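S.K.: Here is the input, now give the coordinates:
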Amino acid sequence: MTILNQTTELIQEGYTWGFDFSFWNIIIFILGILALIVCIYFIIDEGPNFGMSFAFILGIAVVIGCFHSKPVYREIPQYEVIISEDTSFYDIYNNYNIIEQRGEIFILQEKNG
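M.R.: Model (predicted):
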């Protein structure tokens, strides 16, 4: 088997929760934390009222909103190969998925171990 070219395909496996470290997301997160600190200070100092309770809940929503789901990808190697006569069909079948065939060139993808 002669490898002509090797590429990588990204396959989405699912989602995970995470924090996006973009500039605006960090600014919004910091403002949400500051709003929560101010709300806690006023609730402790003056007692709870509707406005501060609403602002506190809104601050919590802003902080939680900065966390969101992100896709999780896995890289799977793909190979463009020419299969010679001395290569066993079972070796190819057990280790690779045949994605495409263009004449004598096969596109093989590694199987999930």
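S.K.: which helices and strands does the helix or strand residue 101 falls within pack with?
M.R.: Element membership for residue 101 (DSSP states H and E) is strand 96-102. In terms of contacts (3 or more C-beta pairs under 8 Å, 6 or more residues apart in numbering; DSSP states H and E), strand 96-102 is packed against strand 105-110. All C-beta spots, glycine's among them, are computed from the backbone N, C-alpha and C.
S.K.: any idea of the angle the strand it packs on forms with strand 96-102?
M.R.: If you take axes from the mean of the first three to the mean of the last three C-alpha atoms, to 10 degrees, strand 105-110 sits at 160 degrees to strand 96-102.
S.K.: Could I get the CA-only coordinates of strand 105-110 as PDB?
M.R.: The C-alpha trace of strand 105-110 is given here as PDB (Å, rounded to 0.1, in the frame of the first residue of the first chain):
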ATOM      1  CA  ILE A 105      -6.700   5.500  -5.800                       C
ATOM      2  CA  PHE A 106      -8.600   4.700  -2.700                       C
ATOM      3  CA  ILE A 107      -9.600   7.100   0.100                       C
ATOM      4  CA  LEU A 108      -9.300   5.300   3.400                       C
ATOM      5  CA  GLN A 109     -10.300   6.500   6.800                       C
ATOM      6  CA  GLU A 110      -9.000   5.000  10.000                       C
END
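S.K.: All further residue positions should be reported with the first residue as 49.
M.R.: In the new numbering, first residue 49, that becomes strand 153-158.
S.K.: So for that strand, mean pLDDT?
M.R.: Strand 153-158 shows a mean pLDDT of 90.
S.K.: Kindly calculate the angle that the longest strand anywhere in the chain makes with strand 153-158.
M.R.: For the chain, the strand with the greatest residue count under DSSP state E is strand 50-67. Strand 50-67 runs at 40 degrees relative to strand 153-158, counting by the same axes, to 10 degrees.
S.K.: Mind giving me the packing neighbours of strand 50-67?
M.R.: Against strand 50-67 (3+ C-beta pairs under 8 Å, 6+ apart) you get strand 115-130.
S.K.: Quick check: buried residues in the strand it packs on?
M.R.: Using 16 or more other C-beta atoms under 10 Å as the test for burial, strand 115-130 gives 126-129.
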